[in-house]
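sequence? don't have it. structure:
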């Protein structure tokens, strides 16, 4: 009688990305609850993850230089919104120095091309990809000031729950029949998770606002993962971590917009 060979379960990329999204989302959630500086450390961690894996995920030339530029940009962008690290003034809601940090980061991206010694192949693709990575990190930086208020923290926690639930919903894409429904499933999962998280933490925010935020974050997070999922490099570990980090960072602009328009009390004074 032939021995039965045991097969090790193989996780699909969607499962890997979902697990990484949940883990990184938990780190950001703990940081948001602890305070703005702790959340800034979490956002910086995700920014460094993007810097570490972005060149390989997109197959960019000059990978070391690209990683250094994105990492330095992440430090500038996140550092510009940390309360107490810089003097924040005006009605910008804690973002007084962020435009300057964005400008300096973009200048670094162009300066990197000037010092390349490989003949600068695919220079337009390289610059645009670095700028995109910096824009993603800048969007994630918008979460940091919101952790300075209780209402803002509740919004951040709800949004992170929505992004994590959206990633878990992607696992259903392993079955062909459900692939056409991934976007609606992500919206439903995101909205439900956001409302559930708000109820769990006792958020002083209307449930309809949390629902709107959760649906928006869920579909945006799913779109970011879908854009990266088609890359051949997604077979590697680094690109999957990048996909998870990006899926969380893209929630920043949505949370800040909802806070600015619908919940002004979430913004720091």
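The structure has been received and is ready for your questions. The model shown is predicted, which means the values in this text are computed figures rather than measured ones.

all contacts plus neighbour counts: C-alpha atoms, from now on.
Noted.

in the stretch 51-200 of the chain, what spans have low per-residue confidence?
Scanning the stretch 51-200 of the chain with the threshold set as pLDDT under 70 gives 84-93.

can you pull out the helices in it?
With DSSP state H, counting those that start in this stretch as the criterion, the stretch 51-200 of the chain has helices at 63-79, 98-114, 123-141, 143-146, 150-169, 182-201.

could you list every residue that touches the residue nearest to residue 97 when sequence neighbours are not counted?
Closest residue in space to residue 97, ignoring its immediate chain neighbours: residue 80 at 5.3 Å, by CA to CA, 6 or more residues apart in numbering. Residue 80 is in contact with 86, 95-98, 101, counting by CA atoms under 8 Å, 6 or more residues apart in numbering.

Just flag the most distant two among the residues you listed.
The span of the contacts of residue 80, defined through CA to CA, is set by 86 and 101 at 11.6 Å.

If you count surrounding residues, which of the two has more?
Using other CA atoms under 10 Å, the more surrounded residue of residue 86 and residue 101 is residue 101, with 21 against 13.

residues in contact with the closest residue to residue 256 other than its chain neighbours?
Among residues not flanking residue 256 along the chain, residue 142 sits closest, at 6.3 Å (CA to CA, 6+ apart). Shown in contact with residue 142 (CA under 8 Å, 6+ apart): 81, 95, 252-253, 256.

got it, and residue 140?
Listed by CA under 8 Å, 6+ apart, the contact set of residue 140 reads 43, 248-253.

try residue 65
residue 112.

What residues sit buried inside the host helix or strand of residue 252?
Assigned by DSSP states H and E, residue 252 belongs to helix 251-261. Neighbour-count burial for helix 251-261 flags 251-256, 258-259 (criterion: 16 or more other CA atoms under 10 Å).

want to try JSON lines for these, with distance to residue 129 as columns?
Listed next are these as JSON lines, based on distance: CA to CA, whole Å:
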{"residue": "251", "distance to residue 129": "19"}
{"residue": "252", "distance to residue 129": "19"}
{"residue": "253", "distance to residue 129": "19"}
{"residue": "254", "distance to residue 129": "22"}
{"residue": "255", "distance to residue 129": "24"}
{"residue": "256", "distance to residue 129": "24"}
{"residue": "258", "distance to residue 129": "28"}
{"residue": "259", "distance to residue 129": "29"}
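
Just the closest of those to residue 68, please.
Taking CA to CA as the measure, residue 68 lies nearest residue 252 of the buried residues of helix 251-261, at 23.0 Å.

shouldn't the closest one be in contact with residue 145?
No: applying CA atoms under 8 Å, one finds residue 252 not in contact with residue 145, separated by 10.6 Å.

what do these two both touch?
Common contact partners of residue 252 and residue 145 (CA under 8 Å, 6+ apart): none.

can I get the contacts of residue 80 in JSON lines with distance to residue 236?
What follows is the contacts of residue 80, written out as JSON lines (distance: CA to CA, whole Å):
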{"residue": "86", "distance to residue 236": "38"}
{"residue": "95", "distance to residue 236": "35"}
{"residue": "96", "distance to residue 236": "38"}
{"residue": "97", "distance to residue 236": "36"}
{"residue": "98", "distance to residue 236": "33"}
{"residue": "101", "distance to residue 236": "31"}
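
what's the span of stretch 226-234 from first residue to last?
One end of stretch 226-234 to the other measures 11 Å (CA to CA, to the nearest Å).

which of the residues in that stretch are buried?
Quick answer for stretch 226-234 (16+ other CA under 10 Å): 226, 228-229, 233-234.

Among these, which one lies nearest to residue 120?
Checking those against residue 120 by CA to CA gives residue 233 as the nearest, at 22.3 Å.
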